[in-house]
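**Student:** next input, structure requested:
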Amino acid sequence: MQAPSVGGVMLPRGNGEAIRLSRGASLTDFAEKINANPASLVAVMMNLGEMVTATQSVSDETLQLLAGEMNYTVQIVSPEEEDRELLESFDIEFGEDEGGEEDLVVRPPVVTVMGHVDHGKTRLLDAIRKTNVIAGEAGGITQHIGAYQVATEVNDEERKITFIDTPGHEAFTAMRARGARSTDIAILVVAANDGVMPQTVEALNHAKAAEVPIVVAVNKIDVEGADPTKVRGQLTEYGLVAEEYGGDTMFVDISAKQGLHIDSLLEAVVLTADASLDLRANPHQDAQGISIESRLDRGRGAVSTVLVQRGTLRVGDTMVVGDAYGRVRAMLDDNGNNVAEAGPSTPVQVLGLTNVPGAGDNFLVVDEDRTARQIAEKRAARERNAAFAKRTRRVSLEDLDKVLKAGEVQQLNLIIKGDASGSVEALESSLLQLDVGEEVDIRVLHRGVGAVTESDIDLAMGSDAIVIGFNVRAAGRAAQMAEREGVDVRYYSVIYQAIEEIEAALKGMLKPEFEEVELGTAEIREVFKSSKLGNIAGVLIRSGEVKRNTKARLVRDGKVIAENLNIEGLRRFKDDVTEIREGFEGGINLGNFNDIKVDDVIATYEMREKPRV
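**Tutor:** Purely as a prediction, here's the structure:
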C-alpha cells in the first residue's frame with residue numbers, strides 16, 4: 001500500500017510500530033516521532049474531517065485516529081509513568097528507600113478514619129486528639145492542619161500513630177487515584193444504633209481497593225438501641241470477620257462522646273500494624289512524601305500540609321510538591337509549634353511554596369532551586385496539555401433534548417448530593433419515578449450527603465453525568481474543576497423545581513436560562529455633592545465599559561455593600577453620555593443611593609439569555 005500523499009508530498013507510512021506520546025500531545029509532537037512535516041499532518045486531519053492546528057493539544061482518540069491512518073500505533077504514556085521518566089531524567093528515584101536493611105527504622109502507622117455520615121468520625125478524631133493534648137495548652141484545642149500525630153502506650157512502650165484528618169474521603173480517593181499509598185490502616189466507624197449504612201459500604205470498598213488493613217470502631221455504645229453484636233454480624237457479610245468470631249479483624253466498642261475505650265482503639269491500630277505490615281523507612285535520605293491538603297493563606301501565602309513518608313524534611317530544604325516548588329521557610333506541627341525537621345510518618349505544615357498544590361501530589365526534596373523549578377514547570381505544562389486535550393463538550397440539561405434526538409445518549413446519568421439523607425432519598429425516588437417514555441432511562445450513579453466534591457466531578461467526567469446539589473454547594477476547588485471540565489452542576493433548594501427542570505429537559509421543554517455578564521468596573525476617585533441629584537461619583541473606568549441604565553453593585557474593600565443599583569446618570573465633563581469606556585474618567589449617579597466613598601468600586605452588569613449549545 002502506498003504512503004499517503006498530501007499536496008504532492010509523500011508522508012512516511014509505518015509498519016504498525018508503536019509511538020509513545022504523552023497525554024495532550026500535539027501534531028507537532030507526532031511529526032517529530034515519525035520525521036514528518038507538522039503541516040502535512042494538519043492536512044491529513046482535515047481530510048479526516050478534523051480541524052486541528054499543529055501545536056494544539058489533541059485528545060487520545062484524535063491521536064489514535066491519525067496513527068491508524070498512517071499505519072502506526074500510539075501508546076499514551078500514563079501521567080504516573082511520565083512523571084517517573086521526568087524524575088529519572090534528573091537522576092531522582094521516587095517511592096523507594098535508599099540504602100540497605102540496616103538503614104531502615106520503624107515508623108508510625110498512618111491512619112484514615114472513614115465511615116457513614118453522622119456515625120461519629122469527627123467526634124472520634126476530637127476524642128483522640130483530646131486524650132493527647134499537651135498539658136496546659138490553651139483551651140485544649142490543637143491547630144487543624146489536616147493531619148496530626150498522637151502517642152499511646154502498648155506493652156509499656158510509647159508508640160506514635162499519625163492520623164489524616166480530612167473531611168470525607170476526597171484526599172484518600174485522590175491519593176489512591178494517583179497511585180500514592182498514603183494510608184497504612186483504615187479505621188471504619190460504625191454507629192452501634194444504626195449499623196451498616198450506604199456510606200459505610202462505600203468507605204469499606206475504598207479501603208479494600210487500597211488494600212489496607214481495617215480496624216472497626218463500633219461507636220455510640222452508650223446510646224439507646226445500641227447493638228454492637230448486630231454490627232459484627234452485618235460486617236461479616238462484607239468480609240470483615242471479628243477476631244472473637246474466628247476472623248482477623250479487630251473490633252473495638254467505643255463511645256467517642258464519653259471518651260470510652262479510646263486507648264483500646266489506639267492499641268488495636270498498633271497491634272494490627274505490627275501483625276499485618278512492615279512499617280519501616282530510611283530517615284537519613286532526602287525527604288519524600290505526599291501533600292494531604294493545601295490552601296492559600298492571606299498572610300502566609302501557599303500553605304501545604306505534607307506527610308513525610310521517607311527521609312527527613314528540614315527547614316531550608318528545596319522541595320517540589322506537584323507543580324509547586326520552593327524553599328521550606330518554616331514548618332509547623334499540629335500544635336502550631338515551629339519544628340526544625342520532620343521524619344517518616346510525620347505530618348507538618350510547610351510554608352514557602354510558589355503556589356497551592358493538590359491533595360495527593362507527591363513531594364520530594366532536591367539539591368538545587370533550579371532543578372525544583374524545572375520539574376515543577378514540566379509538570380505544570382503536562383497538566384495543562386492534558387487539560388486542553390480533555391476539554392470536550394459534555395451533556396448538559398440545555399442540550400439534552402438535542403443529543404437524545406441525535407441518538408447520542410439513551411440514558412441521563414445523575415449524581416445527587418444533598419444536605420440530609422432523607423431529602424437525597426426523596427429526590428432520587430421522585431426522579432426515578434418520572435415518566436418520560438421508553439427512549440431514555442434515568443440512572444443515579446451516586447448519591448450522598450454533603451457538599452459537591454472533586455470526587456463527584458471526577459465521576460461525572462468519566463460517565464458524562466449531571467451533578468445535582470440540593471441545599472449544598474461545591475466545596476473547595478470542585479467548582480473550578482467543574483467549570484474547567486465542562487461538567488453541568490445544578491443547585492436547587494426546592495425538590496419540585498429539580499424534578500420539573502429535569503422532566504422538562506427530557507421532554508425538550510426547558511426554559512432558557514439567564515446569566516449575569518459583567519460589563520465594566522469603575523473606581524470612585526472623588527465624591528461630589530449635588531443638591532439636585534445627591535452624591536455623584538467621579539470615577540475612572542478600570543475595565544470594560546459602563547453604560548447608562550444598566551444594573552450595578554457597589555463593592556467596598558472586596559465586599560458587596562449594595563446590590564441591584566441602577567446607573568441613572570452618566571457624564572463626561574459637562575456632557576450627558578450613554579457609555580464611558582475603559583481608561584476614561586466620568587461621573588456616575590446611582591439615583592437615590594448616596595452611600596458612596598472614595599476607593600469604592602462600581603461593578604456594572606446585565607442579564608443575558610444563555611445561548612443553547
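**Student:** in the protein, where's the longest strand?
**Tutor:** For the chain, the strand that runs over the most residues, judged by DSSP state E, is strand 514-530.
**Student:** contacting residues around that strand?
**Tutor:** Residues from elsewhere that reach strand 514-530 (CB atoms under 8 Å, 6 or more residues apart in numbering): 535-547, 550, 580, 582, 585-588, 596-610. C-beta coordinates here come from the backbone N, C-alpha and C atoms, glycine included.
**Student:** restricted to strands, list these.
**Tutor:** Short answer: those in strands (DSSP E) are 535-547, 580, 585-588, 601-609.
**Student:** give me the buried subset of the residues you listed.
**Tutor:** Buried members of the ones in strands among the contacts of strand 514-530, scored by 16 or more other CB atoms under 10 Å, are 535-541, 544, 546-547, 580, 586-588, 601-605.
**Student:** now I588: how far from E503?
**Tutor:** Going from I588 to E503 by CB to CB, to the nearest Å gives 45 Å.
**Student:** same question for S423.
**Tutor:** 18 Å.
**Student:** does the nearest residue to T249 once chain neighbours are set aside count as helix, strand or coil?
**Tutor:** In this structure, T249 finds its nearest non-sequential neighbour in L240, 4.7 Å apart by CB to CB, 6 or more residues apart in numbering. Following DSSP: H, G, I helix; E, B strand; the rest coil, the label given to L240 is coil.
**Student:** report the contact partners of L240.
**Tutor:** L188, L204, I214, V216, G247, T249.
**Student:** inside helices: which ones of the residues you listed?
**Tutor:** Assigned to helices by DSSP state H, the following of those qualify: L204.
**Student:** derive a ChimeraX selection command for the buried subset of the contacts of L240.
**Tutor:** A single ChimeraX command selects the buried members of the contacts of L240 (16+ other CB under 10 Å):
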select :188,204,214,216,249
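**Student:** which one of the contacts of L240 sits closest to E224?
**Tutor:** Distance to E224, by CB to CB, is smallest for V216 among these, at 21.4 Å.
**Student:** so what's the closest one up against?
**Tutor:** Taking CB under 8 Å, 6+ apart, one finds I187, L188, V190, V231, L235, L240, A242, T249, M250, F251, V252 in contact with V216.
**Student:** how about the nearest residue to the first one, chain neighbours excluded?
**Tutor:** Think I187. Closest to I187 by CB to CB, 6+ apart is V113, at 4.8 Å.
**Student:** what's the local residue count around that neighbour?
**Tutor:** Around V113 there are 22 other residues, counting by other CB atoms under 10 Å.
**Student:** kindly export the helix or strand hosting it (C-alpha atoms) in CSV.
**Tutor:** In this assignment (DSSP states H and E), V113 forms part of strand 110-115. Extracted in CSV, the C-alpha atoms of strand 110-115 (Å, rounded to 0.1, in the frame of the first residue of the first chain):
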residue,chain,number,x,y,z
VAL,A,110,-0.7,6.4,59.1
VAL,A,111,-4.4,6.0,59.7
THR,A,112,-7.5,7.4,58.0
VAL,A,113,-10.9,7.4,59.7
MET,A,114,-13.8,6.6,57.4
GLY,A,115,-17.5,5.8,57.7
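**Student:** list the buried residues for it?
**Tutor:** V110, V111, T112, V113, M114, G115.
**Student:** same question, stretch 346-363
**Tutor:** Buried residues in stretch 346-363, counted by 16+ other CB under 10 Å: 346-353, 355-363.
**Student:** before we move on, back to that, so what's the residue nearest to I187 up against?
**Tutor:** By CB under 8 Å, 6+ apart, the contact set of V113 is K121, L124, L125, F163, D165, A186, I187, V189, A217.
**Student:** wait, is the second one part of a strand?
**Tutor:** It stands for L124. No - with three-state DSSP as the criterion, L124 is located in helix rather than a strand.
**Student:** once you drop chain neighbours, what's closest to it?
**Tutor:** A256 (4.1 Å).
**Student:** start to end distance for stretch 229-245?
**Tutor:** Criterion CA to CA, to the nearest Å; first-to-last residue distance in stretch 229-245 is 11 Å.
**Student:** what pLDDT, on average, does it get?
**Tutor:** In this model, stretch 229-245 carries a mean pLDDT of 92.
**Student:** so what does the longest helix anywhere in the chain touch, helix or strand wise?
**Tutor:** Using DSSP H, we find that the single longest helix of the chain is helix 369-390. Contacts defined by 3 or more CB pairs under 8 Å, 6 or more residues apart in numbering; DSSP states H and E place helix 369-390 against strand 18-22, helix 79-88, strand 318-321, strand 324-327.
**Student:** now the longest one: buried residues?
**Tutor:** By neighbour count on 16+ other CB under 10 Å, the buried set for helix 79-88 is P79, E82, D83, R84, L86, L87.
**Student:** also the last one?
**Tutor:** Of the residues in strand 324-327, those scored as buried under the neighbour-count criterion (16+ other CB under 10 Å) are A324, Y325, G326.
**Student:** I'd say the second one and A376 touch.
**Tutor:** When you say that, I think you mean Y325. Yes - contact criterion CB atoms under 8 Å: Y325 and A376 qualify, at 4.1 Å.
**Student:** switch the buried residues of strand 324-327 over to a markdown table; also include pLDDT and distance to E153.
**Tutor:** Formatted as a markdown table, the buried residues of strand 324-327 follow (pLDDT from 0 to 100; distance: CB to CB, whole Å):
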| residue | pLDDT | distance to E153 |
| --- | --- | --- |
| A324 | 91 | 39 |
| Y325 | 95 | 40 |
| G326 | 95 | 39 |
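**Student:** then stretch 418-434 to PDB, C-alphas only?
**Tutor:** Taking C-alpha atoms only, stretch 418-434 is exported to PDB below (Å, rounded to 0.1, in the frame of the first residue of the first chain):
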ATOM      1  CA  GLY A 418     -27.800  16.900  49.500                       C
ATOM      2  CA  ASP A 419     -27.800  18.300  53.000                       C
ATOM      3  CA  ALA A 420     -29.600  15.300  54.500                       C
ATOM      4  CA  SER A 421     -30.000  11.700  53.600                       C
ATOM      5  CA  GLY A 422     -33.800  12.000  53.800                       C
ATOM      6  CA  SER A 423     -34.000  14.700  51.200                       C
ATOM      7  CA  VAL A 424     -31.500  13.000  48.900                       C
ATOM      8  CA  GLU A 425     -33.500   9.800  49.000                       C
ATOM      9  CA  ALA A 426     -36.800  11.700  48.400                       C
ATOM     10  CA  LEU A 427     -35.300  13.500  45.400                       C
ATOM     11  CA  GLU A 428     -33.800  10.200  44.000                       C
ATOM     12  CA  SER A 429     -37.100   8.400  44.400                       C
ATOM     13  CA  SER A 430     -39.100  11.200  42.700                       C
ATOM     14  CA  LEU A 431     -36.700  11.400  39.800                       C
ATOM     15  CA  LEU A 432     -36.700   7.700  39.200                       C
ATOM     16  CA  GLN A 433     -40.500   7.800  39.000                       C
ATOM     17  CA  LEU A 434     -40.500  10.300  36.200                       C
END
